[in-house]
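Here's my sequence, what's the structure:
(chains A, B and C)
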Amino acid sequence: MTSRSLNSDSTTQGESMTRWPVTVASLRSMAGVAIPLILVAIILPGLLSAFWLRALTSSAIFALAAAGVALLYGRLGLVSLAQVALLGVGAWVALRLSHGTDLPFELVLLGGGIVTGLVGLIVGLPALRMRGLYLALITLMAAGGFQVIVGGTGFPDGGSGFLGRVTSASARLLMERPFVAQSDEAYFRYVLVVVAAGFLLVEIHRRTRPGRAWALIRKSEACALSAGVNVTLYQTWAFTLAGFLAGIAGGLLAGSVGQLDGRNFPASSSILLFALTVVGGVYSWLGPAITGLLYRAFPSLLIAWNIDGNLAFIVFGAALLHALITAPAGIAGQLGDVGRWLSSRIGRRGGTR
Amino acid sequence: MPNLSPFFVTGLAVGAIYALSGVGLVVLYRASGVLNFAYGAIGAVGALLAWQLLQYELPETLAWLAGIGLATLLSLGYGRMVAPHLAYRDTVVKAVATLGFALVLLGFSRWYWSDDPRQFAIPTDTIGVSMLGVRVTVTRMIAFSMTLLITIGVALFLTRTRLGLLMRALANNRDLSALLGIQVLQVETWAWFISGVLAGISGLMLSDLVRLDAIVLTFMVIPAMAAAVVGRLRSLWGTMIGGLLIGVLEAVATPFQVISPYRSVAPFVVAIIVILWLQRRRVITFAGGT
Amino acid sequence: MFNLRFALTHNRRSQLLIALLIVMMLLLAGCFGGGDSSSAGDSGTTADTAEESAAEPVAGEEEATEKEAAAEEEAMPKEEAQTTEAMANTLCGLGTGEAATGEPINVGAVVGATGPDDFSSAAKGAAAYFNCVNANGGINGRPINYIVEDDGWDPEQAAQVAAKLVNDDKVVALVGNTSFVECAANAQLYEDENVIVITGVGVPRECFYSANIAPTNQGPRLSNLGVIQYAYETYGARKFACMAPNVPGMAEWICDGLAAWGADKGVTIEPVFFDPATMDPTSLILQAVSSEPDAITISTPAGVAIPLFGAAEEQDLRDKYHWLGPTSLYDLDFPAAVGSYWDGYLDAEIELVNTDSTSPDNQAWLQILDEYGTPDDPRDSFSQAGFLAAKIFVATALELDPASLDRDTVTEALRGVTNFKTDLMCGSWYFGPDLDTHNANHAGRIVSQVDGGWETITDCFEIEDPDLAPILDMEAQGGLID
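Numbers count the residues shown, from 1 in each chain, chains lettered A, B, ... in the order given. The predicted structure is shown next:
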């Protein structure tokens, strides 16, 4: 099998089959996403209240984490129920580096991402031999274990020693924000840029060799092996990438809030994030964006409207059931349906096309 | 070396809880292929209803039966109305769908019964026996013996009765069983029924022994799954022993100050070790994707 | 399904449409966010503004509505005064009996309501007082708009709602905060934005060591130390097991304090830190008694303590050790929850006067809660603390010119509060602006569980925490208390 036929998942008929298919079409589609994003980044912070600014900052952060989950489930069909735990790991490392060293925020973020990528790699190693339910269970157990451990160790807050916790005699520190983004508005824009870069990273993977390899592995591992695809490598690559994204998101969260509490990373959050990723949609970049909004903006809406936050769980659970039974591509898929229908209408009215 | 024997005894009591929930999970998984994430939530709603009826001064037995009844109804409802839509999807999807059900139940319980701390009391809580330096109440002994009896009972049911045989056939190969004329839906319904009853009982026991709190009870399903994993999602005895082992390990770690704050990690560590051990010789199959 | 994928990745028109949809959604959120600043986290906690029937008793009726009046609104229609309450409540503010009209003053609160426990009773106590004040002339004619937000025991949410209160609702102060996480998460914000917080109940260390946060309570460290002192003197106890939840700024801070006090008295402290969500209280009790202490202090909220006492009862341990606790156990429902087994075997320290005291301020608290709170509001020491914080705020604000009352003037005035006398506390309250640590309440009493209730068994006594030295020095210099 040549690489040409492996392309069926990610290109149209007209595009060239180069290693990095930078075509006019793909540039236009990226501009179609980038331009509204830039507009949002510039205009929105001024319009939003402080409450909503923070809500949307958190939404963007968790959208990045959801991108990792969507990558694993959408591209490889692997269920990871540990993404929020990995986000916690990234936050922990970022906090420790930030308080313990003089490194700038960007390096701290990268450090968190790399360490978490390695952890994701370790968590993913069993994936080489496991499928489906057992993989989901092992990630769930890892998340449960992290919940207990971080509940005991807490997050670094300026102290010394490995755990970096202050003793009872001194003040707890907040994480330093990046030099260019001290205020909430500036930090929101910074987060958007980083999240967009993360999404771009996923897109690049999808359109080049890893994406093709993943698609083939998903279709049939036998075919992949006989095509000479290094299945081990690409599977662990996917886990590492998902871990890296979670780590970056964790660092961003630590910078946003300043201090994190060890009791706020339960296994149930990882489960909820996975559920919402399925609801949002796992087959395009839009899905994780919707997931981020569902995970953080929707509960904020309930707070603002004074509705009991527990009703959100009912909505999420029902949405998950609906998504699994009737709409496997999630909300993003259904929006895509609507988008296609609308554009076909407009196209028809417009005459030739 | 501190005296570990009292912790051993309390560990058995906690482990019996994990084992009881684990057995309920395994029974359902064996018969329908669904790993029920909503198991704890179903039990929680049943226990909360029982508590509510006790607040209304209903007789205790009635309240408990109502709680177990509601749990069974919820389990049956899901099994008949939602699960068939997903019957031909893979096990992961079926498990994730029960997650959705768990979220719905959790949201409802926390909304309807707010977070106030509640205690569920059974009359046998006050009577106890001293054993190896620790006092064990009758309730704990009941929990332990119930776990034992239920495991034996379900094992006998599966091996000795016709319905049990049908369930095992279904677990083995659903399509082939249908071809053989087994009433698939009927047998599955029975599996959900039994699982619901067990969920109701574990919910009541847990709320007495631990805490009557929707979140705690719902996410007790995770250590219960750890126990089920030790039984390879197949063996009831393995699940029971796994649950007891996890409980004992967790309790015995208490007097060691360094690891004591982290002792709740025992179920997860045991589960991970067991999973890795079970999968150690597996090679990549050519079965396609998931 | 594969067509969808194609559509999403290759049909650029549909992509643009999707992007537009997202942008529209975000803009809508922005409009919501920009215009909307809602109030009230929990039922019965908000003080209604004058245009929303502030004078009617809230008891037994539905909870307060959400939409706050925009700060720019002028001249609310005058409300009819309710005669019964108006006559009675010369206890609140100006005591005029007439509902306040005029530009509302926004006051905020952050409480940990949803989560492991519900700490909103301080805000409910404060809300009742503010309701009463609004029905009695307000702050020189201006009503208080009390906005209570829930932080869900999550620093992320705590930071988000604090940003809302401070930056969106532009509150002049926060009164009645009670949270495990918000002091640490928001202390910097409060300093940066020059807003003062008078907590209802400060819990972790950060609530007592922040420049802009001044609690009305003592804190778990002092409260535990108080009951330890009592056990040391009365029972001759020398070895204590210190059970505390493994929360940052709590467990070590509390048990270190006990150790520091006992260092030169031959006292040893055996810490037992545990996960508050533990499902195995028996093992914890076994661990606590394994060191053979003379007394055991259980420093947790009541909800976490009840299973621990249940486990201790299962093991029949009441005679073998003395059982102690801080003010968090002092809840009128606690004796009923742990049962008559513990009558005569449990001592607790209380930071404020006992809730059934007949002293004037305490009776005022109960009366105002009855008339302006709801029957569900807990009548516990948290509520007293919130009520006291509200009283301090109102007394301070009444001395300011209502036309120029804003955050800066309020902050300055609150910093200058000295010698606030109340029979709810053992001593007087003050802010103490010269130090970055605030802990005016450092004397307490001991109560004991007797016959299904609590009985006060000592008078006020000073708690001798070595870490109080800077505060005591500052007090000795004069001007803060008489």
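
Can you tell me the element the residue in the stretch 251-400 of chain C that chain B sits nearest to falls in?
Going by Cβ to the nearest Cβ, chain B is nearest to C:Gly303 of the stretch 251-400 of chain C, at 3.4 Å. Where C-beta positions appear, they are placed from N, C-alpha and C, glycine not excepted. If you go by DSSP states H and E, C:Gly303 is part of helix C:302-314.

Does anything pack onto that helix? Which helices or strands?
helix C:281-290, strand C:295-298, strand C:322-325, helix C:334-338 (3 or more Cβ pairs under 8 Å, 6 or more residues apart in numbering or on different chains; DSSP states H and E).

And these: which comes nearest chain A?
Chain A sits nearest to helix C:281-290 of all the helices and strands packed on helix C:302-314, at 14.2 Å, using Cβ to the nearest Cβ.

report the angle between the axes of that closest one and helix C:302-314?
Angle of helix C:281-290 versus helix C:302-314, following axes from the mean of the first three to the mean of the last three Cα atoms, to 10 degrees, is 70 degrees.

now what about helix C:281-290, what contacts it?
Residues from elsewhere that reach helix C:281-290 (Cβ atoms under 8 Å, 6 or more residues apart in numbering or on different chains): B:2-3, B:6-7, B:10-11, B:13, B:134, B:251, B:254-255, B:260, C:241, C:243, C:270, C:272, C:274, C:278, C:296, C:307-308, C:310-312, C:314-315, C:317, C:320-321.

If any of the residues you listed are buried, put those into a ChimeraX selection.
The following ChimeraX line selects those of those that are buried, judged by 16 or more other Cβ atoms under 10 Å in any protein chain shown:
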select /B:6,7,10,11,13,134,251,254,255,260 /C:241,243,270,272,274,278,296,307,308,310,311,312,314,315,317,321
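
A helix includes A:Ala246, no?
Yes - counting by DSSP: H, G, I helix; E, B strand; the rest coil, A:Ala246 falls inside a helix.

Tally up the residues packed near A:Leu301, please.
Using other Cβ atoms under 10 Å in any protein chain shown, A:Leu301 has 18 other residues around it.

Distance of whatever residue of chain A ends up closest to chain C relative to C:Ser359?
Closest to chain C within chain A is A:Trp52: 2.9 Å, counting by Cβ to the nearest Cβ. A:Trp52 sits 46 Å away from C:Ser359, going by Cβ to Cβ, to the nearest Å.

The two: which is more packed in?
Of the pair A:Trp52 and C:Ser359, A:Trp52 is the one with more neighbours under other Cβ under 10 Å, namely 29 against 13.

For that one, identify the helix or strand it belongs to.
In this structure, A:Trp52 sits in helix A:50-70 according to DSSP H and E.

Which secondary structure elements does that helix sit against?
In terms of contacts (3+ Cβ pairs under 8 Å, 6+ apart), helix A:50-70 is packed against helix A:83-100, helix A:184-207, helix A:231-257, helix A:267-280, helix A:286-292, helix A:298-304, helix C:12-35, helix C:155-163.

Spell out whether stretch A:132-139 and chain B are in contact.
Yes - applying Cβ under 8 Å from any Cβ of the partner chain, one finds stretch A:132-139 in contact with chain B at A:Gly132, A:Leu133, A:Tyr134, A:Ala136, A:Leu137, A:Ile138.

In contact with the last one: list those residues for me.
Spelled out, it's A:Ile138. By Cβ under 8 Å, 6+ apart, the neighbours of A:Ile138 are A:Val123, A:Pro126, A:Met130, B:Ala271, B:Ile272, B:Ile275, B:Leu276.

try the fifth one
Taking Cβ under 8 Å, 6+ apart, we find A:Leu137 in contact with B:Leu35, B:Met225, B:Val229, B:Ala271, B:Ile275.

By neighbours, which of the residues you listed wins?
Counting neighbours by other Cβ under 10 Å, B:Met225 leads those with 31 neighbours.

can I assume that one sits in a helix?
Yes - counting by three-state DSSP, B:Met225 falls inside a helix.

if I pick it, what's in contact with it?
Contacts of B:Met225 by Cβ under 8 Å, 6+ apart are A:Leu137, A:Leu140, A:Met141, B:Gly22, B:Leu25, B:Leu35, B:Ala271.

ok, back up a step: which helix or strand lies directly C-terminal to the helix holding A:Trp52?
Counting by DSSP H and E, the next helix or strand C-terminal to helix A:50-70 is helix A:76.

Are any of the contacts of A:Ile138 buried, and if so which?
Neighbour-count burial (16+ other Cβ under 10 Å) applied to these gives A:Val123, A:Pro126, A:Met130, B:Ala271, B:Ile272, B:Ile275.

Let's have the residues of stretch A:132-139 next to chain B in CSV, adding distance to C:Val197 and secondary structure.
Formatted as CSV, the residues of stretch A:132-139 next to chain B follow (distance: Cβ to Cβ, whole Å; DSSP: H, G, I helix; E, B strand; the rest coil):
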residue, distance to C:Val197, secondary structure
A:Gly132, 51, helix
A:Leu133, 49, helix
A:Tyr134, 50, helix
A:Ala136, 44, helix
A:Leu137, 45, helix
A:Ile138, 45, helix
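
just those: which has the poorest pLDDT?
Minimum pLDDT for these is recorded at A:Gly132 (77).

Now do the strands in chain B.
Using DSSP state E, the strands assigned to chain B run over residues B:128-131, B:134-137.

now for the last one, which elements pack on it?
In this structure, strand B:134-137 makes packing contacts with helix B:5-32, strand B:128-131, judged by 3+ Cβ pairs under 8 Å, 6+ apart.

What average pLDDT does that strand get?
78.

and if you look at the first one?
Averaging pLDDT along strand B:128-131 yields 77.

low-scoring stretches of the chain, by residue?
This is for chain A. Scanning chain A with the threshold set as pLDDT under 70 gives A:1-22, A:127, A:131, A:168-169, A:349-353.

um, chain C though
Checking chain C against pLDDT under 70 turns up C:1-89, C:482.

Can you pull up the residues of it that come close to chain B?
Contact residues (Cβ under 8 Å from any Cβ) of chain C with chain B: C:114-118, C:246, C:273-275, C:277-280, C:282-284, C:286-287, C:290, C:302-303, C:306-307, C:310, C:314-316, C:337.

Need phi/psi at C:Glu193.
Main-chain torsions, C:Glu193, degrees, to the nearest 10: phi -100, psi 10.

Count the residues that sit near the residue nearest to it when sequence neighbours are not counted.
In this structure, C:Glu193 finds its nearest non-sequential neighbour in C:Val166, 5.0 Å apart by Cβ to Cβ, 6 or more residues apart in numbering or on different chains. Residues lying near C:Val166 (other Cβ under 10 Å) number 23.

give me every residue that touches C:Val166.
So C:Val166 contacts A:Ala50, C:Gly108, C:Leu189, C:Tyr190, C:Glu193, C:Val195 (Cβ under 8 Å, 6+ apart).
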